[in-house]
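Chemist: coordinates only, sequence not included:
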């Protein structure tokens, strides 16, 4: 650790984020807190249709793997286990009986969680099935740089210039975020994803997140905070989420596919199309249910909202996506 991060004053953003999010009484590990759902709304919380889509993806992976006796479902950054709970409920009983669900989360196991779900701080060493990381990488701490130097931050959010960039971080910027100015160094996310996806022996690893690519890097970065449903200044004091969009193209390994959430969910059967009006006459209750589902689907696939999220799909020994004949 550098002298900057050991001092009592401002530290680099990566160290500040680590302490604020995952240190003692940090935002994500604080006991008795509401969890992420109490501060921001992810696709998981927006609609049960999302868990249904992930369940259909798992069924496809299961078929591609030849329906193994043990089918892994690993949720990285599991929050309070909401996605795993929803997927297990959406699966046919025969498949659910073979699934080995695992929540990867640094917070304590919540009370009342399905006992089938293993709660652990890291993925298993070997995965055969689906590893899914929904809005995890944006909370992997990273460095912020400006004009070739690290940006330091105090507990109250005040920033100041730090020392010159180390060689590995400078090389990452030159490859993935050229042009100078302010940037967020995604190298820790690349490494975190490589480690998580590397546990998959056969199957699929999927990361879903706020994202940008090399051609669309934001000129001033994306670092921000969330508290109680509102976007706030990114103050690393443990009182708010601190997050930055993910350079998913930098994370991608060989054979990976990048999709938008709109593309991914539509291919998994989530459509915002309104039900036929005739249904309102023949079965009014079914029409109301279908109309509500269409509204939820529209939110999940909105090109200017959740539908613009990136999906990084990393196949191992199977095609990259349903309908893709490549391996």
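Modeler: All right, it came through fine. Small disclaimer: the values here were computed from a predicted structure and weren't measured.

Chemist: What are the buried residues along the top strand by length along the chain?
Modeler: Counting by DSSP state E, the longest strand found in the chain is strand 200-209. Across strand 200-209, burial judged by 16 or more other CB atoms under 10 Å covers 200, 202-209. Quick note: C-beta positions are derived from backbone N, CA and C, even for glycine.

Chemist: what's the closest of the residues you listed to residue 276?
Modeler: residue 208 (31.3 Å; CB to CB).

Chemist: show me what contacts the closest one?
Modeler: By CB atoms under 8 Å, 6 or more residues apart in numbering, residue 208 lies in contact with 43, 132-135, 261, 309-312.

Chemist: ok, those residues vs residue 246, which is closest?
Modeler: Closest to residue 246, out of all of those and judged by CB to CB, is residue 310, at 7.2 Å.

Chemist: Kindly confirm my reading that residue 79 is in a helix.
Modeler: No: in this structure, residue 79 is coil, not part of a helix, as judged by DSSP: H, G, I helix; E, B strand; the rest coil.

Chemist: What's the separation between it and residue 140?
Modeler: Distance of residue 79 to residue 140, given as CB to CB, to the nearest Å: 15 Å.

Chemist: and what of residue 62?
Modeler: From residue 62 to residue 140 the distance is 29 Å (CB to CB).

Chemist: cool, residue 207 as well?
Modeler: Where residue 140 is concerned, residue 207 sits at a distance of 11 Å (CB to CB).

Chemist: dump the residue contacts of residue 61.
Modeler: 71, 129-130, 203-204, 318.

Chemist: where along the stretch 201-327 of the chain do the strands fall?
Modeler: Remark: strands assigned in the stretch 201-327 of the chain by DSSP state E, counting those that start in this stretch are 211-212, 224-227, 230-232, 241-243, 246-247, 257-260, 310-316.

Chemist: now this structure, which segments are flagged as low pLDDT?
Modeler: 1-8, 32-41, 272, 275, 280, 287, 290-291, 293, 325-327 (pLDDT under 70).

Chemist: switch to 50 and redo it
Modeler: The chain contains residues with pLDDT under 50 at 1-7, 326-327.

Chemist: Could you find the closest non-adjacent residue to the most centrally placed residue in the chain?
Modeler: By CA atoms, centre = their mean, the chain has its centre lying nearest to residue 135, at 2.2 Å. Excluding the flanking residues, the one nearest residue 135 by CB to CB, 6 or more residues apart in numbering is residue 42, at 5.2 Å.

Chemist: hey, where'd the helices end up in the stretch 151-300 of the chain?
Modeler: 167-176, 187-197, 248-251, 261-267, 278-282, 284-301 (DSSP state H, counting those that start in this stretch).

Chemist: from memory residue 47 sits against residue 299, does it?
Modeler: Yes: between residue 47 and residue 299 a contact is recorded at 6.9 Å, counting by CB atoms under 8 Å.

Chemist: Those two - which one has more neighbours?
Modeler: The neighbour comparison of residue 47 against residue 299 (other CB atoms under 10 Å) goes to residue 47, with 21 against 17.

Chemist: roughly how far apart are that one and residue 77?
Modeler: For residue 47 relative to residue 77 (CB to CB), the value is 19 Å.

Chemist: Kindly report the same for residue 88.
Modeler: 18 Å.

Chemist: Looking at those two, which is more packed in?
Modeler: Shown here are residue 88 and residue 77; by other CB under 10 Å, residue 77 has more neighbours (25 against 20).

Chemist: Just give the nearest non-adjacent residue to the more buried one, would you?
Modeler: Using CB to CB, 6+ apart, the closest residue to residue 77 is residue 136 (2.9 Å).

Chemist: now swap in residue 237 and tell me
Modeler: residue 155 (5.1 Å).

Chemist: Can you list phi and psi of the one you found for me?
Modeler: Dihedral pair for residue 155: phi -60, psi -20, per degrees, to the nearest 10.

Chemist: neighbours around it, how many?
Modeler: 15.
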